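# Provided below for reference: sequence and predicted model.
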Amino acid sequence: MKILHTSDWHIGSTLYGRKRYDESEQFLHWLVETIKNHSIETLLVAGDIFDTSTPSNTAQELYYRFLNEVSRTTCRHVIVTGGNHDSPSFLDAPKALLKAFNIYVVGSVAEREEAEVLVLNDADNNPEVIVCAIPFLRDRDVRQSSEGESYRDKENRLIEGIVSHYQKVYEEACKERNELGKSLPIIGMGHLFIAGSSIYKRSGEASGERDLYVGNLGQVSADRLPSFDYFALGHLHIPQKVADRETIRYSGSPMAMNFDEIHQQKSVVLIDIDDQHIDVQTIPVPAFRQFEQIKGDWDSIEANLKRLKEESFAGWVEVIYEGEEAIGNLRERVYKLVENTSIEVLKIQNAMLFNAVMKQYEKEVELQDLNPADVFDQCLTDHGLPDDQKVVLKGLFSEVCRQISEADNQKE
């Protein structure tokens with residue numbers, strides 16, 4: 001059986017306010033063609049199908065159109081599990097209907113572990129593979145709060161709950177395999193942090209140099225999880241093996257979700273199972289938009305923008321000014337350089353100004369303790385604006401924030 005593993009589509013995502021439906025549509029079209037070209041029989045989607053729990057009508061249309069197109073290919077089975085960005089109830093709502101097309105959805109934790117165990121048949125309707133389809137496990141799914149428990153207690157109980165759930169589902173899969181009387185491979189699907197995995201790496205850095213660890217809460221060591229024949233993971237955007245094992249993999253997101261990911265080679269994973277032998281290889285995903293991140297002093301920024309113009313670059317650019325000279329008209333300079341071109345500058349960051357503003361808070365508060373109004377107010381103060389101008393600008397800023405918060409995400 002040929003299986004394709006992917007995750008973290010984040011349909012409906014934005015980058016600095018720009019919608020990315022066109023990239024998602026191109027990726028899903030590419031995925032259908034890849035399924036056809038490689039004669040894929042099973043597709044595994046390990047969570048974060050959508051970017052928000054309330055996906056827009058456009059995002060939903062892309063998702064259901066893709067499922068419809070896949071159902072008419074060589075792919076006999078599609079398994080979709082929920083991620084932390086997905087609404088469990090939203091994903092689960094059409095599961096009974098989709099099951100009729102051999103599309104199995106596990107958006108939320110099932111009441112009984114055996115409901116997360118799926119037996120997939122071959123073309124002759126004989127059992128061929130067993131899949132443990134486990135969605136993102138929220139705290140409430142695996143842990144009950146106790147009065148007076150410490151942070152460490154919560155952490156330990158959450159990890160124990162995650163490990164216990166995976167083990168129970170795996171045991172149900174083993175039980176199913178024994179009842180079938182066949183030595184079938186067992187594939188796991190999960191949307192979680194495996195301790196030690198890389199979640200962030202800037203371009204140009206050697207693998208592992210910028211490995212960050214998002215706290216310890218909910219992170220599970222690979223050796224505490226079941227020994228699946230293949231473990232299809234979602235949640236982290238960098239494609240990678242876990243614990244240097246070929247059969248435990250994050251497929252990664254198929255698109256760069258921010259400018260720090262633009263130099264990563266995105267991919268999906270092809271798993272070929274033949275008589276208990278498992279062959280794993282990655283298939284590169286093409287970039288569906290051009291990106292460029294430009295950093296440095298003004299001379300460097302100017303030279304790079306001129307280079308992009310000469311190359312007829314047509315894509316999105318992030319500019320980060322890191323010079324020591326104070327430039328008050330940075331935005332005007334940048335926009336003047338890209339006039340009448342296909343270069344779209346999404347963000348211009350004056351690192352000198354940003355660092356000066358944040359330095360005021362260093363000894364007192366952390367960034368996560370500030371709200372947008374606090375940061376905006378500090379910017380106005382540092383610019384030395386008169387009080388009457390500050391009142392007007394703060395009013396306009398509040399109105400922008402209100403419009404953003406009241407936007408109808410479904411109305412697209």
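Now that the structure is in, tell me what you want to look at. Numbers count the residues shown, from 1 in each chain.
# which parts of the stretch 301-412 of the chain are helices?
For the stretch 301-412 of the chain, helices defined by DSSP state H, counting those that start in this stretch occupy the ranges 330-337, 351-359, 372-382, 387-405.
# my bad, should have said the chain
In the chain, the helices defined using DSSP state H lie at 21-37, 57-70, 88-92, 95-99, 139-142, 151-180, 298-310, 330-337, 351-359, 372-382, 387-405.
# and those helices, which one averages the lowest pLDDT?
With a mean of 61, helix 351-359 has the lowest mean pLDDT of the helices of the chain.
# for P185, find the nearest of the helices of the stretch 301-412 of the chain.
helix 387-405 (47.9 Å; C-beta to C-beta). C-beta coordinates here come from the backbone N, C-alpha and C atoms, glycine included.
# with just CA atoms, put the closest one into CSV.
Extracted C-alpha coordinates of helix 387-405, given in CSV (Å, rounded to 0.1, in the frame of the first residue of the first chain):
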residue,chain,number,x,y,z
ASP,A,387,-0.8,65.6,23.4
ASP,A,388,-3.5,66.8,21.0
GLN,A,389,-2.1,64.7,18.2
LYS,A,390,-1.7,61.7,20.5
VAL,A,391,-5.4,61.9,21.4
VAL,A,392,-6.4,61.8,17.7
LEU,A,393,-4.0,59.0,16.7
LYS,A,394,-5.0,56.9,19.7
GLY,A,395,-8.7,57.3,18.7
LEU,A,396,-7.9,56.2,15.2
PHE,A,397,-5.9,53.2,16.4
SER,A,398,-8.7,52.2,18.7
GLU,A,399,-11.1,52.3,15.7
VAL,A,400,-8.8,50.1,13.6
CYS,A,401,-8.6,47.6,16.5
ARG,A,402,-12.4,47.5,16.9
GLN,A,403,-12.9,46.9,13.1
ILE,A,404,-10.4,44.0,13.2
SER,A,405,-12.0,42.4,16.3
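# run through the neighbouring helices and strands of that helix.
helix 372-382 (3 or more C-beta pairs under 8 Å, 6 or more residues apart in numbering; DSSP states H and E).
# and the helix it packs on with helix 387-405, angle?
150 degrees (axes from the mean of the first three to the mean of the last three C-alpha atoms, to 10 degrees).
# buried set for helix 372-382?
F376, D377, Q378, C379, L380 (16 or more other C-beta atoms under 10 Å).
# please apply the same query to stretch 55-62.
P55, S56, T58, A59, Q60, L62.
# same question for stretch 227-243.
In stretch 227-243, counting by 16+ other C-beta under 10 Å, buried: 228-240, 242.
# averaged pLDDT, that stretch. What do you get?
For stretch 227-243, the per-residue pLDDT averages 95.
# inside strands: which ones of the buried residues of stretch 227-243?
In this view, these that belong to strands under DSSP state E are Y230, F231, A232, L233, G234, Q240, V242.
# return the member of those residues nearest to I271.
Closest to I271, out of all of those and judged by C-beta to C-beta, is Y230, at 5.5 Å.
# can I get the helices of the chain in a markdown table including distance to I248?
Below are these laid out as a markdown table (distance: least, C-beta to C-beta, whole Å):
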| stretch | distance to I248 |
| --- | --- |
| helix 21-37 | 22 |
| helix 57-70 | 25 |
| helix 88-92 | 24 |
| helix 95-99 | 27 |
| helix 139-142 | 21 |
| helix 151-180 | 13 |
| helix 298-310 | 39 |
| helix 330-337 | 44 |
| helix 351-359 | 38 |
| helix 372-382 | 40 |
| helix 387-405 | 40 |
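# of those, which is nearest I283?
I283 sits nearest to helix 21-37 of all the helices of the chain, at 6.4 Å, using C-beta to C-beta.
# just the CA coordinates for the closest one, please, in CSV.
Only the C-alpha atoms of helix 21-37 are listed here, as CSV (Å, rounded to 0.1, in the frame of the first residue of the first chain):
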residue,chain,number,x,y,z
TYR,A,21,-6.3,31.1,-0.5
ASP,A,22,-4.6,31.1,-3.9
GLU,A,23,-1.6,29.3,-2.5
SER,A,24,-3.8,26.8,-0.6
GLU,A,25,-5.7,26.1,-3.8
GLN,A,26,-2.5,25.6,-5.8
PHE,A,27,-1.1,23.2,-3.2
LEU,A,28,-4.3,21.1,-3.0
HIS,A,29,-4.4,20.9,-6.8
TRP,A,30,-0.7,19.8,-6.7
LEU,A,31,-1.6,17.2,-4.0
VAL,A,32,-4.3,15.7,-6.2
GLU,A,33,-1.9,15.4,-9.1
THR,A,34,0.8,13.9,-6.8
ILE,A,35,-1.7,11.3,-5.6
LYS,A,36,-2.5,10.4,-9.2
ASN,A,37,1.2,10.3,-10.3
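# report the buried residues of it.
Y21, E23, S24, E25, F27, L28, L31, V32, T34, I35.
# which residues touch the nearest residue to the fourth one once chain neighbours are set aside?
Yep, that's E25 we're talking about. Excluding its sequence neighbours, the residue lying closest to E25 (C-beta to C-beta, 6 or more residues apart in numbering) is L62, at 5.7 Å. By C-beta atoms under 8 Å, 6 or more residues apart in numbering, the residues touching L62 are I11, Y21, S24, E25, L28.
# one more time with 6 Å, if that's ok
If a contact means C-beta atoms under 6 Å, 6 or more residues apart in numbering, then L62 has I11, S24, E25 as its contacts.
# can you put those residues in JSON lines and add distance to C75?
Shown next, in JSON lines, are the contacts of L62 (distance: C-beta to C-beta, whole Å):
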{"residue": "I11", "distance to C75": "19"}
{"residue": "S24", "distance to C75": "19"}
{"residue": "E25", "distance to C75": "19"}
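# mind checking how far H85 is from Q281?
Computed as C-beta to C-beta, to the nearest Å, the H85 to Q281 distance reads 28 Å.
# got it, and A59?
From A59 to Q281 the distance is 30 Å (C-beta to C-beta).
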